[in-house]
Each structure stands twice: as structure tokens, then as C-alpha cells.
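Engineer: the following block contains a protein sequence and its predicted model.
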Amino acid sequence: MEKKIIYKAAVIGSGPSGIAMVGQLISTKSFPILWIDPNFEGGRMAYYKQVPANTRPIYFINYMKGIPAYNEFIEDKNNNDNPMEVFKDCELQVQPYLEKCYSMCNTLIRNIKKNYDTDKLFFSKDLVNNLQYQEDNKLWQISTNSSSTFSTEKLFLAHGSKLKIYDSKDKPQIPFEILVNNNPENLQKYVNENDIIGVIGSSHSAILTLKHLENLPNPPKAIHCFYREKIRYAEFTDQGIVYDNLGLKGQAATWAKEHLEAGKSKIIKMHFMENFQEEKKIYEKFYPECTKIAALIGWERNNIPIEIKTNSNIKKINNIDHDGANLRLVYNDDNEINSIKNKKYLENIWGIGIAYPIYKQDLCGLYAWDVGVFKFGNAAKVIREQLTLSQSELNLQSPKF
């Protein structure tokens, strides 16, 4: 009977965060590595190729250069599939469309497949449906939709997030990917001249949505934008970026400053809701006249059921969280008070990416989630630094949020 492989590490997800984590594991020679994803096409980036990025190409390049294993790809002049070729026609300080990042991700995946033998890195084209930590052997068991099971010493979740659901009270909602991609022909199919569109939010995606709606060949009759957070702009300084995670960048910032805030729009009405009373009053007045809704209210993590097996007992963990400082997963026992001080680390499992970002203080002193391709690369470095520590050393610090 063939002996089952026990992997040193397993990564779930092939978006920018999964690619960064696999690269750091290759760099530390943590073989054999298992990589699981249903497509291996850069995660959900395929849906947003025509979205103007808020990251300059130089940051995408630095994302690759920050991962030692990938330097051999980009420095190899004889590499016919060199990832650097993706950016050869880009101005390095001007934000491109996300198609460039999508191409970079797929080029990196092809290079990884080409350069690492199957005894070092195993690709499983599948969906994970359950994770179980087995206390007797200190291994994670991964179960998939194809009924495969794998065992690994360390586990890294980069499986992404989905859009938060917005209750539009039976008003039709325009799909998110239709709103944020710069594709007027597709967006026009959802909008006519008699529509009054209700846009919810003031994020990068919301501002792009306002821009795309107003610039349609046949724009709607009116747009109401309902938002709670004041619009901020990222400021580039010698010390770093002020409002890095909270401010607008690129096309969204330029259009908001020069068009929206300059009062040039004839159809957009902005409604800032600074408290609950104001929000209720504004919604009661303007929401009923909206014929369609564009909800841009953020993301929530994709769920993978997690269990802990102790002897013959299997306990489901329903209250998973993550430590914003070191990206380890934490939980509360069902019988304990749901408070920070009672949270415990799960052993040898980390999260990374949009579902598990670092919680970081900005130069302006405000804390926010550190989200972006380059930042996911930095998050992989944070995890890498912990991989040589023992479990007791990892557990010395209490979780921080």
C-alpha cells in the first residue's frame, strides 16, 4: 500500500496572496508543498480585468521582487515567459488596469509549474469543503469536493472573500463586476435614461461606479449616493502614504477631485449620513425614488468549515477570527465569553489576503486593514518570519486585534 504524503505546508487559493505565500514557502524550501485551487487563474482577478487599479506597476514589480524564489524568474533573460514582460509597456508611476496584475499572477503560476517538480510542489485543482485539526498527530486534514483528503503540518488560507449581501428591498441590483469594470457597453445593458440609481458607499469601487454611470452614452436620469465615511485622498510623501488604506488613489481620486467635488456633475447627488438619525431621514426621502441599486458595501470572508478532533471527539469551530498582527487564526470556545482576552490560537494555521489582512496603523495615526497586492506580499513575509518558531514560541503572545 502506497504511503500517504504528509505535506510540510498547504496553501488554499491562487490569487495574489496565495501566490505570495507559495513563493515564500518555496524560498524557505518547505517541501513538499500542496497548492489547492479550482482554477489556478489568479483568484477572482479574472472578473476585474478592466478595473482601474489603485496600485502603480512599480508596486506589482516590488511584490515579485520581495519573494526570493520569484527573482530567478524575473532575472532570467532567457525566460520566454518572464513576468517582467507584463509591464514592459507601462509607465511605472501610473496606475494601470487590473488586467496587468491578472497577467502577472498567471505568468507567475506558469513559471512555478515549469520550475518545480511534482515531488516538491503538488497542484490540486479542487475546492476545499472542510478542515480538521487532529490533536493526536498535530496535522491538518483537508477534505475536498472530489472526496480527496490531504494531511499537512502547516496550513495557509488564501481563499478570498465574497461581496456582502445588501437588502435592496426588492429593487433590482446591478452586479458589482458590471459596475466597477470600465466597460460602458456591458453597463448600459443594466441602465436606461429613466433610471434613478442608488449607489451605496464611498469606497474606491463606489467612486469608480459613479464615474462609469455618469460617463455612459445614455446615463441615468439621476444618481443618489448614500455614504457614511467621508471621502479621503491618499497623500504620497517621502515617509510613505498618508491614508494609504483609507484614501482614494489613481483614476478614482482624480475624478472625485476634479469632477465630483468640483460640482461638475448634473445628475449625481451626494448624501453624507453622519449619524443614524440623519441616515434614516435621508433614506426615507430619497431611497424610494431609486429604480435600481448599486451596492458597494465591502466584503466578507469565504467560509470553510473548521473542526478540531481530540481522540474520538470532533468539535466544530464556528467563531473563527484572525490576529491582525501575525495573521494566525483564533477562536473562542463555545462555553467562554466572546471577548478578546478569551480567544485562543489554532495551531499551525494562518490566513492571508483580503479575507485575513494585517491591521495596520497609517501615517495619519488611524488603524485600517492593509489590503492590496503589494501588501499581501508583505503579509507573506510576516508569516514567513514565524515559520521557524516552535509552537510554544508562537503561543507566547496573546492575540492582538
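Structural biologist: That came in fine, so what should we check first? Numbers count the residues shown, from 1 in each chain.
Engineer: not counting residues beside it along the chain, what's closest to residue 307?
Structural biologist: Nearest non-adjacent residue to residue 307, counting by C-beta to C-beta, 6 or more residues apart in numbering: residue 132, 4.4 Å away. Yep, even glycine has a C-beta here, placed from its N, CA and C like the rest.
Engineer: what about the one you found, which helix or strand?
Structural biologist: Per DSSP states H and E, residue 132 falls inside strand 128-134.
Engineer: give the buried residues for the helix or strand following that strand.
Structural biologist: Remark: after strand 128-134, the chain's next helix or strand is strand 139-144, criterion DSSP H and E. For strand 139-144, burial by neighbour count (16 or more other C-beta atoms under 10 Å) applies to 139-144.
Engineer: before we move on, what about stretch 264-277?
Structural biologist: Residues 265, 268, 270-271, 273 are the ones in stretch 264-277 that count as buried (16+ other C-beta under 10 Å).
Engineer: any idea how far residue 245 is from residue 362?
Structural biologist: 6 Å (C-beta to C-beta, to the nearest Å).
Engineer: between the two, which contacts overlap?
Structural biologist: Common neighbours of residue 362 and residue 245, using C-beta atoms under 8 Å, 6 or more residues apart in numbering, are residue 368.
Engineer: point out where the stretch 301-401 of the chain drops to low pLDDT.
Structural biologist: Applying pLDDT under 70 to the stretch 301-401 of the chain flags the ranges 334-342, 390-392, 395-401.
Engineer: off-centre distance for stretch 199-213?
Structural biologist: Per C-alpha atoms, centre = their mean, to the nearest Å, the displacement of stretch 199-213 from the mean C-alpha position of its chain is 18 Å.
Engineer: what's the answer for stretch 136-152, then?
Structural biologist: 25 Å.
Engineer: hey, C-alpha coordinates of it in CSV?
Structural biologist: C-alpha atoms of stretch 136-152 as CSV (Å, rounded to 0.1, in the frame of the first residue of the first chain):
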residue,chain,number,x,y,z
ASP,A,136,-3.2,13.3,18.2
ASN,A,137,-0.7,13.8,15.4
LYS,A,138,-0.7,17.6,15.2
LEU,A,139,-1.7,17.6,11.5
TRP,A,140,-4.4,19.4,9.5
GLN,A,141,-6.6,17.2,7.3
ILE,A,142,-8.0,18.9,4.2
SER,A,143,-11.2,17.5,2.5
THR,A,144,-12.2,18.5,-1.0
ASN,A,145,-15.3,18.3,-3.2
SER,A,146,-13.8,15.4,-5.2
SER,A,147,-13.6,13.4,-2.0
SER,A,148,-9.8,13.7,-1.8
THR,A,149,-8.1,14.1,1.6
PHE,A,150,-4.7,15.6,2.4
SER,A,151,-2.6,15.9,5.5
THR,A,152,-0.3,18.8,6.2
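Engineer: what are the contacting residues of it?
Structural biologist: Counting by C-beta under 8 Å, 6+ apart, residues outside stretch 136-152 touching it are 4-10, 12, 34, 36, 124, 126-134, 153-155, 309-311, 347-349.
Engineer: give me the mean pLDDT for it.
Structural biologist: In this model, stretch 136-152 has an average pLDDT of 97.
Engineer: residue contacts, residue 246?
Structural biologist: Neighbour list for residue 246: 232, 362, 366, 368 [criterion: C-beta under 8 Å, 6+ apart].
Engineer: closest one of these to residue 325?
Structural biologist: Ranked by distance to residue 325 (C-beta to C-beta), the contacts of residue 246 are led by residue 368 at 14.0 Å.
Engineer: got a list of what the residue nearest to the closest one when sequence neighbours are not counted touches?
Structural biologist: Of all residues not flanking residue 368 in the chain, residue 245 sits nearest, at 3.9 Å (C-beta to C-beta, 6+ apart). Shown in contact with residue 245 (C-beta under 8 Å, 6+ apart): 360, 362, 368-372.
Engineer: sorry, back to before: from the contacts of stretch 136-152, list just the buried residues.
Structural biologist: For those, buried by 16+ other C-beta under 10 Å: 7-10, 12, 34, 36, 124, 126, 128, 131-133, 154-155, 347-349.
Engineer: out of those residues, which sit inside strands?
Structural biologist: For these, the ones inside strands are 7-10, 12, 34, 36, 124, 128, 131-133, 154-155, 347-349, with DSSP state E as the criterion.
Engineer: looking at the chain, which helix is longest?
Structural biologist: helix 99-115 (DSSP state H).
Engineer: and the residue nearest the centre of the chain, which of the three is it?
Structural biologist: The residue lying closest to the centre of the chain (C-alpha atoms, centre = their mean) is residue 354, at 2.5 Å. Under DSSP: H, G, I helix; E, B strand; the rest coil, the three-state class of residue 354 is coil.
Engineer: backbone torsions only: list them for residue 164.
Structural biologist: Torsion angles at residue 164 (phi, psi; degrees, to the nearest 10) stand at phi -70, psi 140.
Engineer: mind listing what it touches?
Structural biologist: For residue 164, the contact set (C-beta under 8 Å, 6+ apart) comprises 295, 297-300.
Engineer: so what's the residue nearest to the centre of the chain closest to, chain neighbours aside?
Structural biologist: residue 161 is the one closest to residue 354 (C-beta to C-beta, 6+ apart), at 4.9 Å.
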